[in-house]
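Asker: kindly return the folded structure for what I paste below:
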Amino acid sequence: MSYSIDFRCKVIFTMEEELSIRETAKQFRIGSASVSRCINQI
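Answerer: Sure thing, here's the model as predicted:
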């Protein structure tokens, strides 16, 4: 599944609040690999 740029920006902004990849994934109910891809795509 492809996530919108807005969603990916929200994920990255959340990561900048010093949350781990797992914590961010849990918050957005997505996989940790998806969080990693969001970081790498932007």
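
Asker: what's the neighbour count on C38?
Answerer: Here the number of neighbours of C38 (other Cβ atoms under 10 Å) works out to 24. For glycine as for every other residue, the C-beta is placed from the backbone atoms N, C-alpha and C.

Asker: right, I mislabeled it, should have said R29
Answerer: Residues near R29, counting by other Cβ under 10 Å, number 6.

Asker: which phi and psi does it have?
Answerer: When read as degrees, to the nearest 10, the backbone of R29 gives phi 60, psi 50.

Asker: give me the distance between it and C38.
Answerer: Applying Cβ to Cβ, to the nearest Å, the value for R29 to C38 is 14 Å.

Asker: same question, C9
Answerer: 9 Å.

Asker: do R8 as well
Answerer: With distances taken as Cβ to Cβ, R8 is found 4 Å from C38.

Asker: one more: M15?
Answerer: Distance, M15 to C38, using Cβ to Cβ: 8 Å.

Asker: got a list of what V35 touches?
Answerer: V11, M15, I21, T24, A25, F28 (Cβ atoms under 8 Å, 6 or more residues apart in numbering).

Asker: what is the neighbour count of the second one?
Answerer: If I follow you right, that is M15. 17.

Asker: touching, it and I21? I think so.
Answerer: Yes - taking Cβ atoms under 8 Å as the definition, M15 is a contact partner of I21 at 7.3 Å.

Asker: ok now the host helix or strand of R37, how far from the chain's centre?
Answerer: Element membership for R37 (DSSP states H and E) is helix 32-41. Mean-position distance between helix 32-41 and its chain equals 6 Å (Cα atoms, centre = their mean, to the nearest Å).

Asker: pull out the buried positions in that helix.
Answerer: S34, V35, R37, C38 (16 or more other Cβ atoms under 10 Å).

Asker: gap between M15 and F7?
Answerer: M15 is 13 Å from F7, by Cβ to Cβ.

Asker: with L19 instead?
Answerer: Going from L19 to F7 by Cβ to Cβ gives 16 Å.

Asker: alright, I will stop here.
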